[in-house]
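Participant: Attaching a predicted model along with its sequence, questions to come.
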Amino acid sequence: MRLYATIAATMLLAGCGFGPAKGGAELQVTGPSEAVAAFVRQQGAQIPSRATTFPQPVGNGKASARVMLPPGAGVATTQSVVQQAATAGLAIAVVAHR
């Protein structure tokens, strides 16, 4: 029974954007802690939601978080994330493209 519960939980989390994104780009946003937290919430509200890490403090009231785009995410999706980060006053960098 636990196996089925684990499989079901994994499927639900992956469908909600909390599963690992394999094959897509990984972007890092950095800026004021409150702005990064709001940005992470905004990404979770997308349909489908985008997988993100929890904000991590980097000092001086700033934080960073990563957004993992799904494989095959087009240019429009990447541009949308970059635009949302810029609007929030965050710096964004491509960390990896798997």
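Facilitator: Noted; the coordinates are in hand.

Participant: Alpha carbons of the host helix or strand of E26, as PDB, please.
Facilitator: Assigned by DSSP states H and E, E26 belongs to strand 25-32. What follows is strand 25-32, C-alpha atoms only, in PDB (Å, rounded to 0.1, in the frame of the first residue of the first chain):
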ATOM      1  CA  ALA A  25      17.000  25.100 -18.900                       C
ATOM      2  CA  GLU A  26      17.700  26.100 -15.300                       C
ATOM      3  CA  LEU A  27      17.600  29.800 -14.500                       C
ATOM      4  CA  GLN A  28      18.700  31.500 -11.300                       C
ATOM      5  CA  VAL A  29      17.100  34.700 -10.000                       C
ATOM      6  CA  THR A  30      18.700  36.900  -7.400                       C
ATOM      7  CA  GLY A  31      17.500  40.000  -5.700                       C
ATOM      8  CA  PRO A  32      15.800  41.300  -2.500                       C
END
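
Participant: which residues are contacting it?
Facilitator: 36, 39, 58, 61-69, 73, 78, 81-82, 85, 88-98 (Cβ atoms under 8 Å, 6 or more residues apart in numbering). Backbone N, C-alpha and C define where each C-beta goes, glycine included.

Participant: what's next to whichever strand or helix holds V94, contact-wise?
Facilitator: In the assignment (DSSP H and E), V94 maps to strand 91-97. By Cβ under 8 Å, 6+ apart, the surrounding residues in contact with strand 91-97 are 24-31, 66, 81-82, 85-86.

Participant: who touches the nearest residue to P55 once chain neighbours are set aside in this structure?
Facilitator: In this structure, P55 finds its nearest non-sequential neighbour in A63, 4.1 Å apart by Cβ to Cβ, 6 or more residues apart in numbering. Contact analysis of A63 by Cβ under 8 Å, 6+ apart lists T30, G31, P32, S33, V36, A37, P55, Q56, P57.

Participant: So A63 belongs to a helix, correct?
Facilitator: No - assessed with DSSP: H, G, I helix; E, B strand; the rest coil, A63 is strand; it does not lie in a helix.

Participant: Look up which residues are beta-bridged to it.
Facilitator: G31, P57 (DSSP bridges).
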